[in-house]
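1. what's the 3D shape of this:
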Amino acid sequence: MNKIINLISDTVTKPSPEMLNFMMKAEVGDDVFREDPTINRLEEKVADMFGMEASLFCPSGTMTNQIAIKVHTQAMDEVICDKDSHVFHYENAGYAWHSGVGLNTIDGNHGKLTVALIEDAIRPLTDWYPRTSLVVLENSCNKAGGTHYTLQEMQEISNCCKSKGIKLHLDGARIFNVLVEEGFTTAQLGEIFDSISICLSKGLGAPVGSLLIGTTKEIAFARRLRKALGGGMRQAGYLAAAGIYALDHNIPQLKIDNTNAGKIRTTLSDCPFVENIRPGQTNIVIFDLKEGITANQFIDVLKEKNILCAAFGKQTVRFVTHRHIQAEDLDYVMRLLLTLDY
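-> Below you'll find the predicted structure:
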């Protein structure tokens with residue numbers, strides 16, 4: 001096959017011709033002065049989707065997560081999250097730089113926390129312990145292999161946090177992959193969390209952008225924080241238009257992406273070079289190679305066959321399916337995996 005099959009991430013997706021056409025027709029203005037009608041429309045649309053008061057368009061999911069942490073905490077507080085969380089591994093310790101807080105990283109169940117784990121992690125109120133002020137859930141959990149929380153699991157954690165006076169934030173970078181798998185609604189999520197971050201530039205196929213969703217008061221503060229972080233944008237309605245198009249047209253495709261990832265997992269289970277496949281039911285596949293095979297060696301072999309993927313450890317590899325992976329691409333990948341000789 002001459003075509004490059006890129007399984008590095010769902011962030012490699014590019015706008016479709018239809019999305020690009022929609023973007024070019026956007027009405028724009030200066031968003032710092034709240035005069036970009038397309039950004040205003042996107043922010044209102046997303047807040048309404050989740051049944052929350054307001055939302056804020058930002059350049060990245062890292063920015064929305066970091067703003068959420070700052071909104072919900074004070075310096076010297078502590079945030080509870082799983083040890084595989086994106087906010088711990090992939091945001092440059094921004095929690096310490098921007099908010100002056102620490103993380104209490106919990107060894108959860110493949111990226112997932114439980115009420116019992118959270119209750120055990122909450123600090124006693126003393127003069128020498130940090131104050132537990134926030135819990136962050138990542139759904140789905142990237143580093144754990146695309147594992148996800150059910151609605152009931154999130155509701156139970158929400159009830160726990162409310163009873164303890166602790167805020168609850170959702171890192172929902174890939175929450176729409178979970179929604180199409182589990183069948184609950186965005187409005188149900190809005191009832192559970194104090195703030196939610198969603199990403200438009202992964203499986204949804206927009207070129208850039210994330211939104212932070214919360215109360216009117218908290219989003220007003222978040223706008224100030226966004227400006228302080230250099231995230232104030234001007235005529236960014238062209239980008240917001242891509243997000244509107246993605247939310248209106250591209251969500252159903254995510255179920256296909258999840259299904260394709262499941263087919264790859266099944267294929268890998270028959271491959272003798274695979275030691276272990278991480279559990280997951282969304283569009284991320286992470287697996288460990290047998291002793292003596294490094295991830296870099298494996299990636300080089302696939303690259304020679306026009307398949308791109310990413311190392312997630314010395315002997316760990318990640319595939320991510322997305323809207324650009326067609327049926328013939330998937331068949332080629334699965335046939336090749338079954339013929340590799342290690």
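2. leaving out the residues flanking it, which one is nearest to V301?
-> L340 (6.9 Å; Cβ to Cβ, 6 or more residues apart in numbering). C-beta: built from backbone N, CA, C; applies to glycine.
3. pull up the gap between L168 and K14, please.
-> Look at L168 and K14: by Cβ to Cβ, to the nearest Å, they are 34 Å apart.
4. which secondary structure state does L137 sit in?
-> Classification of L137 using DSSP: H, G, I helix; E, B strand; the rest coil returns strand.
5. just the helices from the protein, written as ranges.
-> 17-24, 37-49, 61-72, 86-89, 94-99, 115-121, 151-164, 175-182, 186-190, 216-228, 237-249, 253-268, 295-304, 327-339 (DSSP state H).
6. L204: which of these is closest?
-> helix 237-249 (3.9 Å; Cβ to Cβ).
7. same for that closest one, what does it pack against?
-> Counting contacts by 3 or more Cβ pairs under 8 Å, 6 or more residues apart in numbering; DSSP states H and E, helix 237-249 is packed against helix 17-24, helix 37-49, strand 54-58.
8. what comes up buried for the first one?
-> If you call a residue buried by 16 or more other Cβ atoms under 10 Å, then helix 17-24 has these buried ones: 19-20, 22-23.
9. which among the residues you listed gets closest to E119?
-> M19 (44.5 Å).
10. hang on, the earlier thing: farthest pair within the buried residues of helix 17-24?
-> Taking Cβ to Cβ, no two of the buried residues of helix 17-24 sit farther apart than L20 and F22, at 7.3 Å.
11. so where is the stretch 151-300 of the chain shaky, pLDDT-wise?
-> Within the stretch 151-300 of the chain, no range satisfies pLDDT under 70.
12. now render the helices and strands packed on helix 237-249 as JSON lines, adding mean pLDDT and distance to S99.
-> Output for the helices and strands packed on helix 237-249, formatted as JSON lines (pLDDT from 0 to 100; distance: least, Cβ to Cβ, whole Å):
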{"stretch": "helix 17-24", "mean pLDDT": "98", "distance to S99": "34"}
{"stretch": "helix 37-49", "mean pLDDT": "98", "distance to S99": "23"}
{"stretch": "strand 54-58", "mean pLDDT": "98", "distance to S99": "16"}
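13. would JSON lines of those with distance to I175 be doable?
-> Shown next, in JSON lines, are the helices and strands packed on helix 237-249 (distance: least, Cβ to Cβ, whole Å):
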{"stretch": "helix 17-24", "distance to I175": "20"}
{"stretch": "helix 37-49", "distance to I175": "11"}
{"stretch": "strand 54-58", "distance to I175": "14"}
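14. R223: which of these is closest?
-> strand 54-58 (6.0 Å).
15. show me what that closest one is packed against.
-> Using 3+ Cβ pairs under 8 Å, 6+ apart: strand 54-58 touches helix 37-49, helix 61-72, strand 210-214, helix 216-228, helix 237-249.
16. among the ones you listed, which is nearest R318?
-> helix 61-72 (17.4 Å).
17. in this structure the residue nearest to V301 contacts L268, no?
-> No - L340 is beyond contact range of L268, at 10.6 Å (criterion: Cβ atoms under 8 Å).
18. the two - which one has more neighbours?
-> L268 (19 against 14; other Cβ atoms under 10 Å).
19. residue contacts, the nearest residue to that one once chain neighbours are set aside?
-> Once flanking residues are discounted, L268 sits nearest to V274: 5.0 Å by Cβ to Cβ, 6+ apart. V274 makes contact with 268, 287-290, according to Cβ atoms under 8 Å, 6 or more residues apart in numbering.
20. leaving out chain neighbours, which residue sits closest to G280?
-> Nearest-residue entry for G280: G146, 3.4 Å, with adjacent residues in sequence omitted and distances by Cβ to Cβ, 6+ apart.
21. and what of C141?
-> Using Cβ to Cβ, 6+ apart, the nearest residue to C141 is G111, at 3.0 Å.
22. T11: neighbour count?
-> So T11, with other Cβ under 10 Å, has 15 neighbours.
23. surely it and L204 touch.
-> No - between T11 and L204 there is no contact under Cβ under 8 Å: 10.7 Å.
24. sorry, back to before: from what I see, the residue nearest to C141 and V136 are in contact.
-> No - applying Cβ under 8 Å as the test, G111 and V136 come out as separate, 11.7 Å apart.
25. pull up the overlap in contacts between those two.
-> By Cβ under 8 Å, 6+ apart, the residues touching both G111 and V136 are S85.
26. for the residue lying farthest from the centre of the chain, give me its contacts.
-> For the chain, the residue at maximal distance from the C-alpha centroid (Cα atoms, centre = their mean) is D127, at 35.4 Å. The contact partners of D127, taken as Cβ under 8 Å, 6+ apart, number zero.
27. fine, thanks again, bye for now.
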